[in-house]
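Novice: only geometry, no sequence info:
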């Protein structure tokens, strides 16, 4: 038995640990590893109590638009938009700002409070920078919604320019732990991700960052990523479940179960008690569309369609959140 396996098998008092966290304690990696073998129902109940203490019943709901699709130079093994794999993904350059505005207005009218412009590729280049700048500026002038964007590995100068247009939050997933990252992508590094996140923070913007679960990573990898996110001060953490895409290297991986996802979001709540833990890609594979996770520590969602896969309608998600006793409200980071 390895040292990690031995730690996991050690018993831990969930009640004692929950109370310590509520009183301001940051749990250690060893304590987090012990949660892997704890009783699932007790763990999820404790995580939900932590969520209620720090976040009340606020539910953070956002939507995204695939504003530039396909032809990506990066070789992320999960991604339909990578040019390295023949996925038959739809390809197009930056959408007209009118199209981005039209969907944004529609989503805001339906009750979404955040709307994110997502572009494929390593970063924005040349005229793309101005096109996205103009779209962000237009959204801020013509709507009252909160505008976010996922723009790849921009530098501080690029992020500052986007902030001038009114961008308030940047999304950039770590995707995996430092240890596992090379199994996911080799065309950029984990440190490239960290550098971009810190550049956005230095430019004065909040950052949304998380990863994808079920790519073959270990529990230690999942916990290491959660601890890294805590170290970076991330307050919006997307938890994606791998949706295997045909013709990608990960196409034959068996998706995680509902219980797997419940345990993941519960442990993430123990590690990041004040964060909004956001169910994101892959949620549609769960029979209950994430309902059980939303009483196990998760308290946010990406709603509507994902980038290249179908999602869950805004109306359905609003109804579910309300049935669970949540209030959909905008939170500042």
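Specialist: Perfect, thanks for sending it. The shown structure was predicted, so the numbers you read here are calculated from the model rather than taken from an experiment.
Novice: per-residue confidence for residue 1?
Specialist: pLDDT for residue 1: 61.
Novice: do the same with residue 304
Specialist: Reported pLDDT for residue 304: 82.
Novice: Can you name the residues bridging to it?
Specialist: For residue 304, the beta-bridge partners are residue 312 (DSSP bridges).
Novice: surely it meets residue 318?
Specialist: No. Residue 304 lies out of contact with residue 318 (C-beta atoms under 8 Å); the separation is 11.2 Å. In this view, the C-beta of every residue, glycine as well, is placed from N, C-alpha and C.
Novice: More neighbours: which of the two?
Specialist: Between residue 304 and residue 318, residue 304 has the larger neighbour count (other C-beta atoms under 10 Å), namely 24 against 18.
Novice: distance of the more buried one from residue 277?
Specialist: Residue 304 sits 19 Å away from residue 277, going by C-beta to C-beta, to the nearest Å.
Novice: neighbouring strands for the helix or strand harbouring residue 62, and are they parallel or not?
Specialist: In the assignment (DSSP states H and E), residue 62 maps to strand 58-68. When pairs are called by DSSP bridges, strand 58-68 turns out to pair with strand 114-119 (parallel), strand 300-303 (parallel), strand 327-328 (parallel).
Novice: can you list the residues that contact the shortest one?
Specialist: Right, strand 327-328. For strand 327-328, contacts defined as C-beta atoms under 8 Å, 6 or more residues apart in numbering pick out 57-61, 111, 113, 318, 321-322.
Novice: now those: which count as buried?
Specialist: 59-61, 113, 318, 321 (16 or more other C-beta atoms under 10 Å).
Novice: can I get those in CSV with pLDDT and distance to residue 227?
Specialist: Rendered in CSV, the data for the buried ones among the contacts of strand 327-328 read as follows (pLDDT from 0 to 100; distance: C-beta to C-beta, whole Å):
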residue, pLDDT, distance to residue 227
59, 97, 25
60, 95, 22
61, 94, 26
113, 92, 29
318, 93, 33
321, 95, 28
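Novice: residues in contact with the helix or strand hosting residue 259?
Specialist: According to DSSP H and E, residue 259 maps onto helix 258-271. By C-beta under 8 Å, 6+ apart, the list of residues contacting helix 258-271 from outside reads 17-18, 21, 27, 32, 35-36, 40, 43-44, 46-48, 50-51, 213-214, 222-223, 226-227, 230, 237, 239, 241, 256, 275, 277, 279, 286-288, 290, 292-293, 296-298.
Novice: same question, stretch 35-47
Specialist: 8-9, 12, 14-15, 17-18, 219, 259, 262-263, 265-267, 269-270, 292, 295-297.
Novice: filter these to the buried ones?
Specialist: Buried members of the contacts of stretch 35-47, scored by 16+ other C-beta under 10 Å, are 8, 12, 14, 17-18, 219, 262-263, 265-267, 269-270, 292, 295-297.
Novice: Show the subsequent helix or strand relative to the least confident helix or strand in the chain by mean pLDDT.
Specialist: Ranking every helix and strand in the chain by mean pLDDT, DSSP states H and E puts helix 3-9 at the bottom, with a mean of 63. For helix 3-9, the following helix or strand on the C-terminal side (DSSP H and E) is helix 14-22.
Novice: So which elements touch that following helix?
Specialist: helix 40-55, helix 258-271 (3 or more C-beta pairs under 8 Å, 6 or more residues apart in numbering; DSSP states H and E).
Novice: out of these, which comes closest to residue 194?
Specialist: Evaluated over those, closeness to residue 194 peaks at helix 258-271, with 17.9 Å, by C-beta to C-beta.
Novice: and the angle for the closest one with helix 14-22?
Specialist: For helix 258-271 and helix 14-22, the angle between their directions (axes from the mean of the first three to the mean of the last three C-alpha atoms, to 10 degrees) works out to 50 degrees.
Novice: quick one: helix 258-271 to helix 40-55, angle?
Specialist: Here helix 258-271 points in a direction 40 degrees away from that of helix 40-55 (the same axes, to 10 degrees).
Novice: Span of stretch 117-135 from start to end?
Specialist: Terminal residues of stretch 117-135 are spaced 9 Å apart (C-alpha to C-alpha, to the nearest Å).
Novice: distance between that stretch and the chain's centre?
Specialist: Chain-centre distance of stretch 117-135: 20 Å, with C-alpha atoms, centre = their mean, to the nearest Å.
Novice: Go ahead and name everything in contact with it.
Specialist: 64-74, 81, 93-95, 97, 100-101, 136, 147-154, 158, 161-162, 164-165, 171, 187-188, 307.
Novice: Now it: average pLDDT?
Specialist: Averaged over stretch 117-135, pLDDT sits at 94.
Novice: go on, stretch 84-99?
Specialist: 94.
Novice: which of the residues in it are buried?
Specialist: Under the neighbour-count criterion of 16+ other C-beta under 10 Å, stretch 84-99 has 85, 87, 89, 94-95, 97 buried.
Novice: what do you get for stretch 141-156?
Specialist: Going by 16+ other C-beta under 10 Å, stretch 141-156 has these buried residues: 143, 145-154, 156.
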